[in-house]
Each structure stands twice: as C-alpha cells, then as structure tokens.
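Q: Here is my input; please provide its structure:
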Amino acid sequence: MAAAVALPLCLRTKLPGPWLNQSRTFVDAKVKWVRDPYLDFVVEREKDLFQAISFKNQILSDPSKSLPLSLASILKPHFHLSIPSSKFFQKYPSFFTLFQPSPGLPPRVKLTRRALSLHYEESAAFDSLRKDAVRRLSRLLMIAGGGRLPLRLVEQLRWDFGLPHDFVASLLSDFPDYFHVCEVPNTSDGKPELALEIVSWRKDLAVSELEKRSSSSSDSKRIAFPMSFPRGFDLVKKVKDWVEKWQLLPYISPYENGFHLPPGSDQAEKWTVAVLHELLWLTVSKKTERENLLVLGEWLGFGSRMFKKALVHHPGIFYVSNKIRTQTVVLREAYRKDFLVEKHPLMAMRYRHIHLLNQMPKTLTKPSVSVDHGIRRI
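A: A predicted model of the protein is given here:
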C-alpha cells in the first residue's frame, strides 16, 4: 500500500526563491495555428467510440441485454450523439443489431456476439487495472485545491481518465482508505453538491511525469518541457527567444501551490503549463476536450483565461484539434505521428473497439431472418 500522511490544510507548499519577483510577460506577437494531420487523425479515428461504448454499457445494464429504441432516442443528448440513434446503430452493424422481439412489439437494439465478447475482455482489463485507476484518480484529486472535486466533474472526466463507467459503485467503495464522498458548495448557486475527496496526501504519488524523468538531473527544478512542431510551423524570432528563456525558469510541480506567484508572470505561466501537462499525461489517451480543461481550470482556481493563454502560447507542447465537432487538446510529446509512445492497456482495448466498429458483418444467409427497413425481425 502506498505511504500516506495526514492531509495538510494546504495541500501544496509554497516555493520561495528569487524568481518570485520575475514578472516578464509573453511577447506581443501572434502565434499561428498550423494543422497537424497526424494528431487530427488521432482525434478523428475515435469518432463515435465514446457513444458506441456508452450505448453498449446502457444495453448491458438492462436485464434483457437489449434496449428499446425509444429509450435509446431519449439518451441521444446524454451521449452527445449528432444523428438519430436508429441511424447510429445501422451505421455500425458489426457492433449493434436492431430487432423486433415479435410482430407488433417496439424495436430494440442489442450487441452482436463479437461486441459482447469484446465487452467481457474489456471488463477483465478494468478489473486488472483497478490499482492503476486508483492512482490516476488520486493524483487528479491531489492536483485539485483542497484535494477534492465535485462528482459531476469526475464523471465528466471519467472517460479520459480510464475509470469504469460505474466507478462510484465498482471502485470507490472498495478503497475507503483513498477516497471519501463529501459535500462542497456548488460554484454556480452555492448549494451543496456531492464531491470526491482524497482521504490522505500520498507523497509517493505527488511526483509529476516530468519530475520522474529528471530525477537523475543535478538540478531537478530546471526542467524544460519537450516540444515539437508540425511540418510548416515556424516561430517568429522574438517568440522563439521568449520560449527559450521561459524554458530556463524553475519548474514548480503541479502538486505544489503556485498561486502565490505574480499573476500574469512567466513563472506563473510555467506552473500553469505544468498543471496542464500533468493533467493530460494522467489521461489514458493523452488528450481531452478543451472544454473539460477549462471547466476544471475554473474549479482549480485558474479561471478559464490562464488555461486558454497557456494553450495558445505553447503550440509546441499542446495541439488543439478541431475535428469531430469539438476542440480537443492533445499532448504532443505523447505521440510519434499518430502512434502513442506509451500505449495504456485500455487504449489497446479501445483500438479493438474501433476496429470492430469499422468492420462490416458477413452476409446473413439464414432464411429465417428477414430485414424490414433496416430492422431485423426474428
């Protein structure tokens, strides 16, 4: 079990030093956005994956292992589906089967045998990765001020952080020495809402990915962020000079408190980038929707402006893709072209889901099965 100490009043300690008076600001120059086709593909290939797996989980939660098409239509906005649910199911016949239990009864949807088999493998993967999910969630809460996050925000981040869809029932209750459910005031109306809190500060987990890599360095606080740029991208000289000097500033861990730094200073921005970098690294796919980061930034006390500025100023660290009807922030260093450098086991399962979704089923040959308007009647 990981070593634990009592949760301090202030989770992250201030770092004194001569750089606190540093107040140089970003140069007045426009940083252009250049499309990265490889990272765009990283985002685009997962189109409909979240929706497919969400419907899969909903189908399997029903005792009949099927779902009325009428209920699927009601769930459409909850799963951010842009087309009618019936068309969505017909789009992926290797994954879903539309059928009528008997004449006169409303149509339903169920999983194909291959999709069901893949689900059982995914469930086994989640079971084997429970400790990994606990560590990932613990680190997210330790980055959060006060060591807690509203459950609605954890649910919003569940997919990207690789948590089971029923993590409240299947994960939290089994780790009472890690997590506690409490109440916090809602930021919009002040009314109490449920939140997830880390029980104790775990020093062994409060080490960022960049700190792990630089542990052998003689000056671990002089950590620079890995940067790369797509073909055709070129920083203007004054921006390039600023970035080089900015990289030499001391690195403050995302698990430490940097809100004492002068607002708008380059040192404060480097700490903000460190927080964003660690948040993205904790996701299983090393990416998340930009809106998720902005909402999280509001809760953490950064406001949306600081996160927005960091994303714009550092295109060599973060890439913002406009694919699949949203904006997705990708951590550049995590990919070589469109391949994950370190593939999390859950991503291997997701790629198998994508492969199945894109396959066409074999032609049905049984004479007892007929097709009527895309719905199989058995």
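Q: Helices of the stretch 251-378 of the chain, residue ranges please.
A: Secondary structure of the stretch 251-378 of the chain (DSSP state H, counting those that start in this stretch): helices located at 266-282, 290-300, 303-313, 345-357.
Q: tilt between the third one and helix 290-300?
A: In other words, helix 303-313. Angle, helix 303-313 to helix 290-300, by axes from the mean of the first three to the mean of the last three CA atoms, to 10 degrees: 130 degrees.
Q: Now do the phi/psi pair for the residue nearest the centre of the chain.
A: The residue lying closest to the centre of the chain (CA atoms, centre = their mean) is Asp160, at 2.6 Å. Phi and psi for Asp160, reported as degrees, to the nearest 10, are phi -70, psi -30.
Q: For it, report the pLDDT, please.
A: At Asp160, the predicted lDDT confidence score is 97.
Q: what's the spacing between it and Ile354?
A: 16 Å (CB to CB, to the nearest Å). Glycine gets a C-beta too; all of them are placed from N, C-alpha and C.
Q: ok, now Phe225?
A: Phe225 is 30 Å from Ile354, by CB to CB.
Q: Between those two, which is the more surrounded one?
A: A count of neighbours by other CB atoms under 10 Å puts Phe225 above the other of Phe225 and Ile354, at 19 against 16.
Q: Next, count neighbours for the residue lying closest to the more buried one once chain neighbours are set aside.
A: Once flanking residues are discounted, Phe225 sits nearest to Ile317: 5.2 Å by CB to CB, 6 or more residues apart in numbering. Residues lying near Ile317 (other CB under 10 Å) number 20.
Q: I'd like to know which helix or strand in this structure has the lowest mean pLDDT.
A: Lowest on mean pLDDT, DSSP states H and E among the helices and strands of the chain sits strand 370-372, with a mean of 35.
Q: which stretches of this structure aren't confidently modelled?
A: The model of the chain has pLDDT under 70 over residues 1-30, 215-220, 362-378.
Q: Could you list the domains of it?
A: Domain assignment for the chain by automatic domain parsing gives 44-121+351-357+365-377, 130-204, 208-340.
Q: can you pull out the strands in the stretch 101-250 of the chain?
A: Here the stretch 101-250 of the chain has its strands, by DSSP state E, counting those that start in this stretch, at 108-111, 148-150, 179-185, 192-198.
Q: Make JSON lines out of the ones you listed and add distance to Leu279.
A: Shown next, in JSON lines, are these (distance: least, CB to CB, whole Å):
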{"stretch": "strand 108-111", "distance to Leu279": "33"}
{"stretch": "strand 148-150", "distance to Leu279": "12"}
{"stretch": "strand 179-185", "distance to Leu279": "19"}
{"stretch": "strand 192-198", "distance to Leu279": "16"}
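Q: Make CSV out of those strands and add mean neighbour count and distance to Tyr251.
A: CSV is the format used below for those (neighbours: other CB atoms under 10 Å; distance: least, CB to CB, whole Å):
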stretch, mean neighbour count, distance to Tyr251
strand 108-111, 21, 47
strand 148-150, 22, 24
strand 179-185, 15, 29
strand 192-198, 19, 23
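Q: Could you point out which of those sits nearest Leu235?
A: strand 148-150 (35.4 Å; CB to CB).
Q: As CSV, could you dump the C-alpha coordinates of stretch 294-307?
A: Provided in CSV are the C-alpha atoms of stretch 294-307 (Å, rounded to 0.1, in the frame of the first residue of the first chain):
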residue,chain,number,x,y,z
LEU,A,294,-11.5,24.9,-19.0
VAL,A,295,-14.2,23.7,-16.6
LEU,A,296,-11.5,22.0,-14.5
GLY,A,297,-9.4,25.2,-14.5
GLU,A,298,-12.3,27.2,-13.1
TRP,A,299,-12.7,24.8,-10.2
LEU,A,300,-8.9,24.7,-9.6
GLY,A,301,-8.8,28.4,-9.3
PHE,A,302,-7.0,29.2,-12.6
GLY,A,303,-10.1,30.5,-14.3
SER,A,304,-10.5,29.8,-18.0
ARG,A,305,-8.2,32.6,-19.1
MET,A,306,-5.0,31.2,-17.7
PHE,A,307,-5.6,27.8,-19.3
